[in-house]
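Participant: This is a predicted model, with the sequence first.
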Amino acid sequence: MNSPEQLLGETPFVSYVYSYPHKTTYRPLEPARPLHDVWQHECRESLFLYLHVPFCEFRCGFCNLFTLANAATDWTGRYVDQIRREAEQVRDALPDACFTRLAIGGGTPTFLDVGQLAALLQVVTGVMGAGPQQIPVSIEASPATATEEKLALLREFGVDRLSLGVQTFDERVSRNLGRPQKTCDVERTIATVRALNFPVLNLDLIYGGEGQTLEDWLSSVRTAIEYRPEELYLYPLYVRALTGLGSKHRAWGDERVIMYRKAQELLLSSGYEQVSLRMFRTRQAPQDEGPVYCCQSDGMIGLGPGARSYCSELHYSTEYAVGRSGVAAILSDYLTRQETEFSSARYGFQLDDEERQRRHLILSLLQAAGLQRSDYVARFGRDVLDDFPQLRELISAGLATEDECLRLTTAGLEWSDAIGPWLYSSRAQGLMETYTWH
Ligand SMILES: C[S@@+](CC[C@H](N)C(=O)[O-])C[C@H]1O[C@@H](n2cnc3c(N)ncnc32)[C@H](O)[C@@H]1O
Ligand code: SF4
């Protein structure tokens with residue numbers, strides 16, 4: 001019987017799998033694929049609409065998201081105008097699309113001024129025809145940019161879930177993370193979100209920063225719990241190429257594992273349940289009452305560079321970059337595009353049956369609720385253990401249970417960030433290895 005280390009490698013912290021396949025598997029599509037053709041045979045009754053806002057007040061030392069700090073002053077306004085043009089082209093290609101989920105992320109959507117934010121929300125309703133009062137709507141915000149005026153606008157629009165990047169309540173730890181944040185801004189913004197009665201407040205925290213002791217970490221978790229956020233995301237710090245912290249060559253011991261376990265213990269004993277390695281939710285949190293949407297199989301339309309779109313046979317987006325010059329070049333290209341250029345997909349990854357099965361497996365297994373084998377049979381006509389015999393190794397290493405529901409054990413959940421990449425196809429792995437970061 002293998003131990004997790006023998007099976008998966010030395011550390012549980014390999015890479016954050018928030019979707020599959022990873023965007024570094026995307027390549028130019030030749031020829032480009034008209035959106036009308038791409039979506040023609042897809043179910044369009046239950047789609048996720050995602051709008052990306054690639055601007056921030058500063059570039060945090062740990063962050064490799066597609067975003068730009070200190071953009072030219074006219075770029076944000078031009079961006080909102082251009083996303084409207086993109087939306088119009090997409091809507092023309094999918095006139096009957098019905099959206100059952102909406103998320104606005106970034107970057108920092110609340111970096112936009114209040115007029116630009118209102119114009120962006122108008123694209124959602126006026127162009128895309130989504131009904132924010134009837135569907136779950138989520139938005140990301142940073143403490144200093146989320147003013148009372150913007151938050152009130154968002155609440156009135158129908159935002160149900162406000163996700164706030166906090167990372168830490170300790171200004172010294174924040175500085176070490178390369179994030180010049182004031183704790184008084186965090187406190188003020190949380191108070192405003194509560195006063196405006198957003199049904200779900202999520203707080204993001206990071207553990208494993210330079211100079212952050214276990215006690216520093218638990219103190220931030222305890223402070224967060226005092227606010228009783230409906231959700232908490234605990235992110236293990238990853239230091240990635242081309243980020244501010246990337247040049248520091250940080251070596252890791254098992255600090256992050258200990259910090260994870262202690263925080264998990266604290267949250268479970270404080271009335272939270274664990275949804276995945278990173279996500280915790282209060283038992284009283286409002287349950288999702290929106291129309292049914294299944295992230296393993298339903299489609300997504302992403303607007304803006306950095307946003308991904310998913311249908312069953314193709315995942316696509318614009319090109320991706322982390323470094324400032326690469327992000328600025330992609331954004332500048334986006335801002336000067338002709339309308340017609342938005343009507344086709346030019347960069348992406350084609351999924352065959354095997355990749356669709358892997359996607360279903362990975363996205364389900366990495367959730368604490370696990371994978372219902374009957375759902376897999378209903379979708380693919382076979383048992384998941386026959387399609388992926390390597391799962392038996394997880395079971396024999398004590399990382400997953402073998403029942404009607406294939407579920408990660410406590411140790412398995414801790415090793416999620418290693419199990420995900422271990423399940424990637426060799427095709428996806430090969431593409432990721434040959435991707436050039438810029
Ligand atoms: C879009 S941001 C949240 C909203 C807003 N931009 C902010 O930072 O306040 C997404 C979250 O991803 C997490 N994150 C990004 N890069 C990370 C990294 N390298 N290691 C750990 N967490 C990271 C942070 O917790 C961050 O809050
Ligand atoms: S963590 Fe948030 S504020 Fe910081 S650079 Fe990334 S997206 Fe921007």
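Facilitator: Looks like it came in fine. Ligands and ions are numbered 1, 2, ... in the order given.
Participant: Tell me the residues on the stretch 51-200 of the chain that lie near ligand 1, please.
Facilitator: Within the stretch 51-200 of the chain, the residues that sit near ligand 1 (C-beta under 6 Å from any ligand atom) are 56, 62, 63, 65, 105, 106, 108, 140, 142, 165, 167. For glycine as for every other residue, the C-beta is placed from the backbone atoms N, C-alpha and C.
Participant: beta partners of the fifth one?
Facilitator: Partner residues in beta bridges with residue 105: residue 52, with DSSP bridges as the criterion.
Participant: What is the neighbour count of it?
Facilitator: 21 (other C-beta atoms under 10 Å).
Participant: Could you do the second one as well?
Facilitator: Using other C-beta under 10 Å, residue 62 has 22 neighbouring residues.
Participant: And for the first one?
Facilitator: Under the neighbour criterion other C-beta under 10 Å, residue 56 is assigned a count of 21.
Participant: just the helices in the stretch 251-400 of the chain please.
Facilitator: 255-268, 324-335, 353-365, 373-380, 384-387, 391-396 (DSSP state H, counting those that start in this stretch).
Participant: Tell me where the stretch 51-200 of the chain has strands.
Facilitator: 55-56, 68-69, 99-106, 137-141, 161-167, 200-207 (DSSP state E, counting those that start in this stretch).
Participant: what's in contact with the fifth one?
Facilitator: Put plainly, it is strand 161-167. Contacting residues not belonging to strand 161-167 are listed as 60, 108, 136-143, 146, 151, 154, 173-174, 177, 179, 181, 186, 189-190, 193, 198-206, 220, 224, 231, 233 [C-beta atoms under 8 Å, 6 or more residues apart in numbering].
Participant: buried ones in the lengthiest helix in the chain?
Facilitator: Criterion DSSP state H: the longest helix present in the chain is helix 75-93. The neighbour-count check on helix 75-93 (16 or more other C-beta atoms under 10 Å) flags 75-76, 79-80, 82-91, 93 as buried.
Participant: Equivalent analysis for stretch 156-167, please.
Facilitator: Those would be 157, 158, 159, 160, 161, 162, 163, 164, 165, 166, 167, for stretch 156-167 by 16+ other C-beta under 10 Å.
Participant: Over to stretch 253-265?
Facilitator: Here stretch 253-265 shows 255, 256, 257, 259, 260, 262, 263, 264 as buried, counting by 16+ other C-beta under 10 Å.
Participant: Let me know the average pLDDT across it.
Facilitator: Taken as a whole, stretch 253-265 has an average pLDDT of 95.
Participant: May I have it as CSV, with CA atoms only?
Facilitator: The C-alpha coordinates for stretch 253-265 follow below in CSV (Å, rounded to 0.1, in the frame of the first residue of the first chain):
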residue,chain,number,x,y,z
GLY,A,253,8.9,23.1,4.8
ASP,A,254,5.6,21.8,6.2
GLU,A,255,4.4,25.2,7.6
ARG,A,256,1.5,25.4,5.2
VAL,A,257,0.3,21.9,6.1
ILE,A,258,0.3,22.8,9.8
MET,A,259,-1.4,26.1,9.2
TYR,A,260,-4.1,24.4,7.1
ARG,A,261,-4.8,21.8,9.7
LYS,A,262,-5.0,24.2,12.6
ALA,A,263,-7.3,26.6,10.7
GLN,A,264,-9.5,23.7,9.6
GLU,A,265,-9.8,22.5,13.2
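Participant: Quick one: distance of it to the chain centre.
Facilitator: Centre-to-centre, stretch 253-265 and its host chain are 22 Å apart (C-alpha atoms, centre = their mean, to the nearest Å).
Participant: Close to ligand 2: what parts of this protein are there?
Facilitator: Near ligand 2, when you scan the chain using C-beta under 6 Å from any ligand atom, you find 56, 59, 60, 63, 65, 67, 106, 107, 108, 142, 165.
Participant: Tell me the bridge partners for the last one.
Facilitator: In this case it means residue 165. residue 204.
Participant: now the closest residue to ligand 1 within the stretch 251-400 of the chain: how far from ligand 2?
Facilitator: Relative to ligand 1, the nearest point of the stretch 251-400 of the chain is residue 278 (8.7 Å; C-beta to the nearest ligand atom). Counting by C-beta to the nearest ligand atom, to the nearest Å, the gap from residue 278 to ligand 2 is 14 Å.
Participant: Count the residues that sit near that residue.
Facilitator: Neighbour number of residue 278 under other C-beta under 10 Å is 19.
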